[in-house]
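Engineer: no sequence on hand, only this structure:
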């Protein structure tokens, strides 16, 4: 069974971290421009109903996602319906005509490195400080956990941010 | 300036018409499976507001279209926002979760011929009789009009249906 492990930690100096990664032999994978736009419904408060309607652009690739409420309290399972769309701004315009308004935009520049068995993402999020995500995808839970902890130490990273960028931006806006 | 001219006429015997087209030297272009699904809004009656929200599938190619009300009484100009989408059924499911319901489905098999400077479409519409569309796209209004009339006669077609398939199906349903 494949396992995904991920931690996110704040990072004040992204340039220094990038040098350190290169020094440790990490390989640069790609640069991504990501933009998420979350919409509110004219019928109900998606915050209350625990739903979300999102348009996402990753470089030139766009998609629309609907997330339903969590199916029960114990798991994080929820209905998710997603498909590719040709264009973010035209889909956004159609949603506006139908009565849905953009409530929040999360835009970030993501620099992706491959480091050992991990993927390391350097996220520069508009309106927030820098964050680093360390992700392990593999079959060995303990080995993955150990590698994430070892790499975090080697990179001089501290802390653990459990909130999503959306949550951080919403809290900052309050 | 490019001009588009189009007429639609009923046709009782599509097989005979197709033989006649081939006999006159028309060239078979393509077969299309087309499906249009129109949605109603939970906020207002799109029939009253003169708006439309449509998903269209043409073979494997899908798109979503919003049509706004006519901008004035004299012209047929209206806002139209359209984009390609990956999949009709998933977009339909998202719209359903957002409160929009499918109100009408227009499905047809379209056989396309090229005949002189015209495109001739043989439409087999679910729930309706057969219809033929003759279309001219070019720069010469008078030549186009004459060619459509000449071809209509040569093909033994009579009549002129101005209503859309959507209107014909809605009227039949009443």
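Structural biologist: Great, that's in hand. Nothing here was measured: the structure is a model prediction, and the numbers come from that model. Numbers count the residues shown, from 1 in each chain, chains lettered A, B, ... in the order given.
Engineer: would you mark the buried spots in the helix or strand where residue A:68 lies?
Structural biologist: Element membership for residue A:68, per DSSP states H and E: strand A:61-70. Judged by neighbour count using 16 or more other CB atoms under 10 Å in any protein chain shown, the buried positions of strand A:61-70 are A:62-67. No exception for glycine: its C-beta is placed from N, CA and C like everyone else's.
Engineer: and these, which two are furthest apart?
Structural biologist: Using CB to CB, these reach their maximum pairwise distance at A:62 and A:67, which is 16.9 Å.
Engineer: give me the contact list for the strand holding residue A:68.
Structural biologist: Contact with strand A:61-70 is made by A:49-56, A:76-88, A:91, B:85-86, B:91, B:93-94, B:97-98, as judged by CB atoms under 8 Å, 6 or more residues apart in numbering or on different chains.
Engineer: so, low pLDDT: which residues of chain A?
Structural biologist: For chain A, the stretches with pLDDT under 70 are A:73-76.
Engineer: show me where it has helices.
Structural biologist: Secondary structure of chain A (DSSP state H): helices at A:14-23, A:46-49, A:88-97, A:141-154, A:165-173.
Engineer: and the contacts of the third one?
Structural biologist: Just to be clear, that refers to helix A:88-97. In contact with helix A:88-97 (CB under 8 Å, 6+ apart) are residues A:35, A:37, A:39, A:53, A:55-57, A:62, A:64, A:85, A:102, B:51, B:53, B:64, B:66, B:68, B:79, B:81-83.
Engineer: buried only: go through those for me.
Structural biologist: A:35, A:37, A:39, A:53, A:55-57, A:62, A:64, A:85, B:51, B:53, B:64, B:66, B:81, B:83.
Engineer: for the buried residues of strand A:61-70, which one is nearest residue A:7?
Structural biologist: Nearest to residue A:7 among the buried residues of strand A:61-70 is residue A:67, at 22.4 Å by CB to CB.
Engineer: give the bridge partners for the closest one, please.
Structural biologist: On the basis of DSSP bridges, residue A:67 is bridged to residue A:52, residue A:80.
Engineer: just residue A:109 next, same as before
Structural biologist: Under the criterion used (DSSP bridges), residue A:109 bridges to residue A:33, residue A:124.
Engineer: surely residue A:52 and residue A:45 touch.
Structural biologist: No - contact criterion CB atoms under 8 Å: residue A:52 and residue A:45 do not qualify, at 11.7 Å.
Engineer: which residues does residue A:39 bridge with?
Structural biologist: Applying DSSP bridges to residue A:39 yields these beta-bridge partners: residue A:53, residue A:102.
Engineer: got a list of what it touches?
Structural biologist: Here residue A:39 is in contact with A:46, A:53-55, A:95, A:100-103 (criterion: CB under 8 Å, 6+ apart).
Engineer: and residue A:72, how far from chain B?
Structural biologist: 18 Å (CB to the nearest CB, to the nearest Å).
Engineer: what's around that residue, how many residues?
Structural biologist: Using other CB atoms under 10 Å in any protein chain shown, residue A:72 has 9 neighbouring residues.
Engineer: for residue A:158, list the residues it contacts.
Structural biologist: So residue A:158 contacts A:9, A:152 (CB under 8 Å, 6+ apart).
Engineer: quick check: phi and psi at it.
Structural biologist: phi -140, psi 150 (degrees, to the nearest 10).
Engineer: residue A:112: what's it in contact with?
Structural biologist: Contacts of residue A:112 by CB under 8 Å, 6+ apart are A:28-32, A:119-122.
Engineer: nearest residue to it in space, please, no chain neighbours.
Structural biologist: With CB to CB, 6 or more residues apart in numbering or on different chains as the criterion, residue A:112 has its nearest non-adjacent residue at 4.2 Å, and that residue is residue A:29.
Engineer: ok, now which ones touch that neighbour?
Structural biologist: So residue A:29 contacts A:112-114, A:119 (CB under 8 Å, 6+ apart).
Engineer: now these: which count as buried?
Structural biologist: Among those, those classed as buried by 16+ other CB under 10 Å are A:112-113, A:119.
Engineer: and of these, the nearest to residue B:157?
Structural biologist: Scanning the buried ones among the contacts of residue A:29 for proximity to residue B:157, where the rule is CB to CB, the winner is residue A:112, at 60.9 Å.
Engineer: how close does that closest one sit to residue A:47?
Structural biologist: From residue A:112 across to residue A:47, the span is 31 Å (CB to CB, to the nearest Å).
Engineer: check residue A:9 too.
Structural biologist: According to CB to CB, residue A:9 and residue A:47 sit 27 Å apart.
Engineer: same check on residue A:7?
Structural biologist: Counting by CB to CB, the gap from residue A:7 to residue A:47 is 26 Å.
Engineer: between these two, which one's more packed in?
Structural biologist: The neighbour count for residue A:7 versus residue A:47, taken as other CB under 10 Å, is higher for residue A:7 (19 against 11).
Engineer: correct me if wrong: the more buried one contacts residue A:133.
Structural biologist: Yes - applying CB under 8 Å, one finds residue A:7 in contact with residue A:133, separated by 7.2 Å.
Engineer: contact partners for residue A:130?
Structural biologist: With CB under 8 Å, 6+ apart, residue A:130 has these contacts: A:10-14, A:122-124.
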